[in-house]
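[1] Provided below for reference: sequence and predicted model.
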Amino acid sequence: QVREDVVEKMQTVWLIDWNNPENNHFAIAEEVTVQGDVNRKRPDIVMYVNGIALGMIELKRSTVSVSEGIRQNISNQRKDFIERFFSTVQLLFAGNDTEGLRHGVIGTPEQFYLQWKEESDIENPLDRAITQMCSKSRFLELIHDFIVFHAGIKKTCRTNQFFGVKAAQDHVTNREGGIIWHS
């Protein structure tokens, strides 16, 4: 809520156009230097929407495990590193050319980083996952509609949950019933 002038009524200003992804300005920056309270860090890729850092990718050589990138994301969130930089970041990624890409949100422990599993003609697992998760519309949809707080813990969806919700939305739109079975 903002007002143009002291005598004006408050207006809601949306920093992101969630309904029309193409109306936003998307930018990617490589090796952004971020100065923390004590240490300086340099994330490999920061994804910006309208100048707001919403995503971060740590990339590793194919001979280095994705786990190293995940641990780097986790340690970067510590108070003695660049914790404040993560105030707007919603999705964290770590990947390499052989293992593909894993994703999580702020505070996700290493064992809960997820792999996106969606069929594609793209053979390289890293390219496939980045293409599927980081397209403008999918990226914003994941942030807006598929990040939740459960018992105070921030979480995001698994691939099957994403497509289950999408199918359920189609059924509701068509006034059809159905069951989502989680085993």
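    Done, it's in. Residues are numbered from 1 along each chain as shown.

[2] in this protein, which ranges drop under the pLDDT threshold?
    Applying pLDDT under 70 to the chain flags residues 182-183.

[3] The strand ranked longest in the chain: partners in the sheet, and parallel or antiparallel?
    In terms of residue count, the longest strand belonging to the chain (DSSP state E) is strand 52-59. Each strand paired with strand 52-59, and its direction, by DSSP bridges: strand 45-49 (antiparallel), strand 91-96 (parallel).

[4] who wins for proximity to K9 among those?
    When these are compared by CB to CB, strand 45-49 sits nearest K9, at 27.7 Å. C-betas here are computed from N, CA, C, even on glycine.

[5] hmm, back to that, point out the most buried one among the strands paired with strand 52-59.
    strand 91-96 (a mean of 25; mean count of other CB atoms under 10 Å).

[6] right, and the helix or strand after that strand?
    strand 100-104 (DSSP states H and E).

[7] Parallel or antiparallel, list what pairs with that next one.
    strand 91-96 (antiparallel), strand 114-115 (antiparallel).

[8] now the spatially closest residue to S137 that is not a sequence neighbour: how far from S135?
    Leaving aside its chain neighbours, S137 sits nearest to P21 (4.4 Å; criterion: CB to CB, 6 or more residues apart in numbering). As for P21, its distance to S135 is 9 Å (criterion: CB to CB, to the nearest Å).

[9] Which one's more surrounded, these two?
    Each of P21 and S135 has its neighbours counted (other CB atoms under 10 Å); P21 has more, 18 against 13.

[10] from memory that one sits against I143, does it?
    No. The criterion here is CB atoms under 8 Å, and P21 misses it with I143 at 10.8 Å.

[11] what do those two both touch?
    Common neighbours of P21 and I143 (criterion: CB atoms under 8 Å, 6 or more residues apart in numbering): none identified.

[12] quick one on the thing from earlier: can you put the strands paired with strand 52-59 in TSV and add distance to K60?
    Rendered in TSV, the data for those read as follows (distance: least, CB to CB, whole Å):
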stretch	distance to K60
strand 45-49	12
strand 91-96	4
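
[13] Of the ones you listed, which is nearest Q35?
    strand 45-49 (14.1 Å).

[14] Please export the C-alpha coordinates of that closest one as CSV.
    Below are the C-alpha coordinates for strand 45-49, written out as CSV (Å, rounded to 0.1, in the frame of the first residue of the first chain):
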residue,chain,number,x,y,z
ILE,A,45,23.6,-17.1,-11.0
VAL,A,46,21.0,-14.8,-9.5
MET,A,47,17.6,-14.6,-11.2
TYR,A,48,15.8,-11.2,-10.9
VAL,A,49,12.2,-10.2,-11.7
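
[15] outside of it, which residues touch it?
    16, 24-30, 32, 53-57, 59, 134, 139-140.

[16] 6 Å - rerun?
    With CB atoms under 6 Å, 6 or more residues apart in numbering as the test, strand 45-49 has contacts from 16, 24, 26-30, 32, 53-57.
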